[in-house]
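In: sequence and predicted structure are below.
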Amino acid sequence: MALFRKKPRTEEPIPNHIAIIMDGNGRWAKKRGLPRTAGHKVGAEAFRTIANYAKSIGLHYLTVYAFSTENWKRSTDEVETIMGLLEKYLRELIRDMDKNRVRFCFFGDLSRLSPELQQEARETAERSARYTGVQVNFCLNYGGRDEILRAAKQFAADCASGKARPEELTEAGFSDLLYSAGVPDPDLIIRPSGEIRISNFLLWQSAYSEYYFTDTLWPDFGPRDLDAAIHAYNRRSRRFGGVK
Ligand code: FPP
């Protein structure tokens, strides 16, 4: 068998939109007697591999939870390491933009990030908007409740200014006020690391998503794990509240 395969390993139908909670970096490091920050470094590489693989199998949307509105509670050292990794990653993305040809969007309140990181995120999003292959939605300082609250406040403000009317609000109209405006809801949400909870991720958008949980820790999560999740997804019967 060839060591390097050009073709994607999976020959199955690919869901349109996969979202991943990149969890387990800290435990991965602890198991090896390393600082938590070492886990984030390897986790960032795991993300790189999965994003490339997603592109190679023709996935349209990949949404990843990189930093939540609650993650600021962690130690300064850990937060700074994650932010440093993000800065480095975005700088490389900007540098290799034409080679990667991946469209990047950011979900979350970026205003709390450093001015440099905000600028890099803006530049990445603007300059990659022309690519039409896989779209990576990077959730940074993101919280599902925060996202819904912001949309509600925006709608209230639109009503107060006469731009909108409460009785005319629809689900589709509300979706357009979220960070994910224009992005179809995730078909499959993957959470590695053995935790079985949603942790404030895509609360509105996940109404009919399929979940896949695995004990694999994020730094160990690779293309074969994504294949396994897609395989499990293809065996589900999605009814969206109806009968099949
Ligand atoms: C969750 O694991 C992971 C995070 C809160 C950070 C995710 C960050 C990365 C993958 C690195 C940054 C990404 C890029 C692409 C530069 P955890 O720390 O909660 O692990 P634990 O549950 O084992 O403690």
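Out: Yep, that arrived.
In: I figured residue 66 hits residue 136, correct?
Out: No. Counting by C-beta atoms under 8 Å, residue 66 does not reach residue 136; the two are 10.4 Å apart. (Each C-beta comes from the backbone N, C-alpha and C, glycine too.)
In: residue of the protein nearest the ligand, please.
Out: residue 26 (2.6 Å; C-beta to the nearest ligand atom).
In: disregarding residues adjacent in the polypeptide, which is nearest to that residue?
Out: Of all residues not flanking residue 26 in the chain, residue 36 sits nearest, at 4.3 Å (C-beta to C-beta, 6 or more residues apart in numbering).
In: so which bits of the lowest-mean-pLDDT helix or strand in the chain are buried?
Out: Least confident helix or strand of the chain, by mean pLDDT, DSSP states H and E, is helix 97-100 with a mean of 90. Within helix 97-100, the residues scored as buried using 16 or more other C-beta atoms under 10 Å are 97, 100.
In: got it, and stretch 191-205?
Out: Applying 16+ other C-beta under 10 Å to stretch 191-205 flags 191-193, 200-205 as buried.
In: what's the most distant pair in those?
Out: 193 and 204 (23.7 Å; C-beta to C-beta).
In: quick check: residues of this protein near the ligand?
Out: 22-27, 40, 43-44, 47, 66-67, 71, 82, 85-86, 89, 193 (C-beta under 6 Å from any ligand atom).
In: among the residues you listed, which are located in helices?
Out: Those of these mapping onto helices are 25-27, 40, 43-44, 47, 82, 85-86, 89, per DSSP state H.
In: related to what we said a few turns ago, check contacts around the residue nearest to residue 26.
Out: Contacts for residue 36 (C-beta atoms under 8 Å, 6 or more residues apart in numbering) come out as 25-26, 29-30, 78.
In: now it: phi and psi?
Out: phi -50, psi -40 (degrees, to the nearest 10).
In: then residue 173?
Out: With angles defined as degrees, to the nearest 10, residue 173 sits at phi -70, psi -40.
In: next: residue 12.
Out: Dihedral angles (degrees, to the nearest 10) for residue 12: phi -90, psi 160.
In: check contacts around it.
Out: For residue 12, the contacting residues are 227, 230-231, 234, by C-beta under 8 Å, 6+ apart.
In: just the buried residues from those residues, in PyMOL please.
Out: PyMOL command restricting these to the buried ones, with burial defined by 16+ other C-beta under 10 Å:
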select buried, resi 227+230
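In: residue at max distance from the center of this structure?
Out: Residue farthest from the centre of the chain, counting by C-alpha atoms, centre = their mean, is residue 162 at 34.5 Å.
In: any idea how far that one is from residue 115?
Out: Using C-beta to C-beta, to the nearest Å, residue 162 is found at 35 Å from residue 115.
In: that concludes my questions; thank you for your assistance.
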